[in-house]
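>>> here is the input, now give the coordinates:
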Amino acid sequence: MELGPAWGEPIQRPEISDILRSRFRVLQAMSCSKPSRHALATSQHRSRKMSSLVSVIMPAYNSSRYIGEAIESVLNQTYCHTEIIVADDGSTDSTREVVAAFNLGSRLQYLYQQNEGPAAARNLAIRYAAGDFFAFLDSDDLWAPRKLEKQLQLFQNRKVGLVYSNIDCFQDGETPAGWMDPEACAGEDGEPTSPMRRGRAYEALLRQNFVPTSTVVVRKDVLDQAGRFQNEFSPNEDYELWLRIAKLHELDFIDEKLAKYRIHRNQISGNKRRVYRGLCLLYRSLLFDRKYLERQSPEKLLIARNYFLNVLKRTYASIVGM
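Here you go, the predicted structure:
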């Protein structure tokens, strides 16, 4: 694994110290522009804004065409106390050069690894993150300018471990007309149909994944408790982690489209056989968890239903060549 390209020295530490965290906050405070008047509504939020660093976790693979827009959408946030960590999962295009062109110093880290998948890439970025909060943004998606500002306010409730939002879907210009991800952008007029839930939402999340990855912000201590992404469930490793968090903590959301999900032919979610295979592995793993073998429960029946439903979907996708 290679860390740090020619435009930056290799990172030698396994973790970032509390001293470095404090130093980073000072540098951020000096370099950030003034917060918006909306962000200064209360002194409590003002204090949180000045002290909490958000680490933006951005996995990338051959993302040279889109990653510049993704990084710009982070830099355009009204909440500016952020660091961006790009974890390049073995790109063979000019992703590295596009990232290097921003020349943001310590505010933007570039890490490189041999191709292992987005779960390993996110875990690599998390390892080198210094933030109090982690926000996830795929390198082909975009954020609305006030996304972080609005979501961080919900963490004033310490019971909340994860905050997400609604999402907009848009189609890449070179994607053939009619090619859409039916599960990401279902419904009339392009409106997502996934039911959003707050509070204790584990059972609802078992029924359907309504947490778009590029909208998620999670507290560092919550992620430390829940664990990291599991590559074996790819490309549903994000869903599996949200389930683990939902078992332990409350969820909350902003019912606004604070992110944009890009539809294009090369994205992982376009491979339906792979998606359904990952879901089968996930539900089978949950089904044989000792917690659910010890007693009958509605959750066990729901997991079994989801497992067999995705077996049928995977079979159908294999037959029609999806």
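>>> can we go C-alpha only for contacts and neighbour counts from here?
Will do.
>>> show me the beta-bridge partners of the residue nearest the centre of the chain.
In the chain, the centroid-proximal residue (C-alpha atoms, centre = their mean) is Phe136; its distance is 3.1 Å. Using DSSP bridges, the bridge partners assigned to Phe136 are Ile57.
>>> doesn't Pro212 make contact with it?
No - counting by C-alpha atoms under 8 Å, Phe136 sits too far from Pro212 to count as a contact (9.7 Å).
>>> circling back to that earlier point, show me the contacts for the residue nearest to the centre of the chain.
Taking C-alpha atoms under 8 Å, 6 or more residues apart in numbering, we find Phe136 in contact with 56-58, 213-217.
>>> closest to Tyr283 among those?
Tyr283 lies nearest to Thr213 out of those, by C-alpha to C-alpha, at 19.1 Å.
>>> tell me where the stretch 151-300 of the chain has strands.
Secondary structure of the stretch 151-300 of the chain by DSSP state E, counting those that start in this stretch: the strands cover 160-171, 217-219, 250-263.
>>> what's around the nearest residue to Ile245 once chain neighbours are set aside, how many residues?
Nearest non-adjacent residue to Ile245, counting by C-alpha to C-alpha, 6 or more residues apart in numbering: Ala226, 5.8 Å away. Using other C-alpha atoms under 10 Å as the criterion, Ala226 is surrounded by 18 other residues.
>>> sorry, back to before: quick one: the residue nearest to the centre of the chain and Gly68, what's the gap?
16 Å (C-alpha to C-alpha, to the nearest Å).
>>> also Pro195?
31 Å.
>>> buried residues in stretch 250-262?
By neighbour count with 16 or more other C-alpha atoms under 10 Å, stretch 250-262 contains the buried residues 250-254, 258-262.
>>> and those residues as CSV, adding distance to Trp242?
Shown next, in CSV, are the buried residues of stretch 250-262 (distance: C-alpha to C-alpha, whole Å):
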residue, distance to Trp242
Glu250, 11
Leu251, 10
Asp252, 12
Phe253, 13
Ile254, 17
Leu258, 19
Ala259, 18
Lys260, 20
Tyr261, 18
Arg262, 21
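>>> and of the residues you listed, the nearest to Leu104?
For the buried residues of stretch 250-262, the nearest to Leu104 is Ala259 (23.0 Å; C-alpha to C-alpha).
>>> pretty sure the closest one is touching Ala144, no?
Yes - applying C-alpha under 8 Å as the test, Ala259 and Ala144 come out as touching, 5.6 Å apart.
>>> which parts of the stretch 201-322 of the chain are helices?
Counting by DSSP state H, counting those that start in this stretch, the stretch 201-322 of the chain has helices at residues 202-207, 220-226, 237-248, 272-287, 290-293, 298-320.
>>> and Pro195 and Gly68? which has more neighbours close in?
Gly68 (17 against 13).
>>> secondary structure element for the closest residue to the more buried one other than its chain neighbours?
Closest residue to Gly68 apart from its sequence neighbours, by C-alpha to C-alpha, 6+ apart: Val98 at 6.5 Å. Using DSSP states H and E, Val98 sits within helix 95-100.
>>> Asp138 too?
Asp138 belongs to no helix or strand, assigned by DSSP H and E.
>>> mind checking how far it is from Ser73?
12 Å.
>>> who's more crowded, the two?
Using other C-alpha under 10 Å as the criterion, Asp138 and Ser73 rank with Asp138 on top: 24 against 18.
>>> pull the contacting residues for that one.
58-60, 70, 213-214.
>>> just name the closest of those to Ala87, please.
Scanning those for proximity to Ala87, where the rule is C-alpha to C-alpha, the winner is Pro59, at 4.8 Å.
>>> okay, now the unreliable bits of the stretch 1-150 of the chain?
The model of the stretch 1-150 of the chain has pLDDT under 70 over residues 1-50.
>>> that one: strands as residue ranges?
Using DSSP E, counting those that start in this stretch, strands in the stretch 1-150 of the chain cover 2-3, 54-60, 82-89, 108-113, 133-136, 142-143.
>>> so which of the ones you listed gets nearest Arg244?
Nearest of the strands of the stretch 1-150 of the chain (C-alpha to C-alpha): strand 133-136, 16.0 Å.
>>> would you mind writing the CA trace of that closest one as CSV?
In CSV, the C-alpha atoms belonging to strand 133-136 read as follows (Å, rounded to 0.1, in the frame of the first residue of the first chain):
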residue,chain,number,x,y,z
PHE,A,133,-17.5,13.4,13.0
PHE,A,134,-17.2,11.3,9.8
ALA,A,135,-19.2,12.3,6.7
PHE,A,136,-19.3,10.0,3.7
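>>> show me how far it is from its chain's centre.
7 Å (C-alpha atoms, centre = their mean, to the nearest Å).
>>> now do stretch 309-317
26 Å.
>>> what about Asn103, how many neighbours?
11.
>>> and it, how far from Trp143?
21 Å.
>>> also Arg207?
27 Å.
>>> now swap in Ser91 and tell me
The gap separating Ser91 from Trp143 is 23 Å, by C-alpha to C-alpha.
>>> kindly report the same for Leu104.
19 Å.
>>> please apply the same query to Arg273.
29 Å.
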